[in-house]
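**Q** Quick one, fold the following:
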Amino acid sequence: MREQRPKVAHLTIKLADGSVRSIAIYHAEEWPKRNGPHGLLRVQDGERWVSRDGGKYDWHTPEAVGAFIAELLREQLGTMEPEPHIAPDTPAGTRVLVRSADDEENVFKTHTRTSPFDRGGQWKVYVVGCRTPLPLECVQLVSEIEKGATFAIPKSGGNPHQHLTEQV
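**A** Predicted structure coming up:
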């Protein structure tokens, strides 16, 4: 049975294979007993709740909801891959390369201290030797680099990659 709380949006997507996805989006505050945070959303895909870790209650940013819909489209297209970055389910301890946003020649090999996490609509990860979490766009798996993959680092002010210990 569909949730009876008021919806922020309801999307019905008819896919090329003929299947239909019904996606309902609710304000997280509609679940006060579960401490639904203001400004975040809860998403229902058909009869199941969208969750990153399989839990019943999970809150999402609008950007995360957009990424979920983009993933549905990628599944249908079959050939399009998301932008290169490390996957949200990458375990802590994974070997990665980090490039400085200020100096693309400055590349460090290290490993993740945490699994990636969503902070304010942007996926980030802590790496060994860095005090602040890095956007996934600045981190790439060592195995992908060995296969010849490349990635671009967006220019930004300041160097968030201070104190990395192992330079490549």
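
**Q** Now for residue 16: which residues touch it?
**A** By CB atoms under 8 Å, 6 or more residues apart in numbering, the contact set of residue 16 is residue 76. The C-beta positions use only the backbone N, C-alpha and C, and glycine is treated the same way.

**Q** Which of the three states applies to it?
**A** What DSSP: H, G, I helix; E, B strand; the rest coil gives for residue 16 is coil.

**Q** Tell me where the model's unsure across this protein.
**A** Residues of the chain that meet the criterion pLDDT under 70 lie in 1-2, 53, 79-88, 100-105, 120-121, 144-168.

**Q** Using the three-state scheme, assign residue 137.
**A** Going by three-state DSSP: residue 137 is helix.

**Q** Can you give me the neighbour number for it?
**A** 19 (other CB atoms under 10 Å).

**Q** Which residues in the strand ranked longest in the chain does the neighbour count mark as buried?
**A** For the chain, the strand that runs over the most residues, judged by DSSP state E, is strand 20-27. Buried residues in strand 20-27, counted by 16 or more other CB atoms under 10 Å: 23-27.

**Q** Just the closest of the residues you listed to residue 72, please.
**A** Each of these was scored against residue 72 by CB to CB, and residue 23 proved nearest at 8.4 Å.

**Q** hang on, the earlier thing: show residues contacting the longest strand of the chain.
**A** With contact meaning CB under 8 Å, 6+ apart, strand 20-27 is reached by 2-3, 5-15, 36, 41-46, 65, 68-69, 72.

**Q** does the residue nearest the centre of the chain count as helix, strand or coil?
**A** Residue closest to the average C-alpha location in the chain (CA atoms, centre = their mean): residue 123, at 4.4 Å. Using three-state DSSP, the structure places residue 123 in strand.

**Q** so how far is residue 112 from it?
**A** 12 Å (CB to CB, to the nearest Å).

**Q** Residue 67 now?
**A** In this view, residue 67 and residue 112 are 20 Å apart by CB to CB.

**Q** neighbour count winner among the two?
**A** Neighbour count, other CB under 10 Å: between residue 67 and residue 112, residue 112 has more, with 22 against 16.

**Q** Contact partners for that one?
**A** Per CB under 8 Å, 6+ apart, neighbours of residue 112: 86, 90-94, 96, 125-128, 139.

**Q** Buried by neighbour count, from the residues you listed: which ones?
**A** 86, 90, 94, 96, 125-128, 139.

**Q** Nearest to residue 50 among those residues?
**A** residue 90 (19.8 Å).
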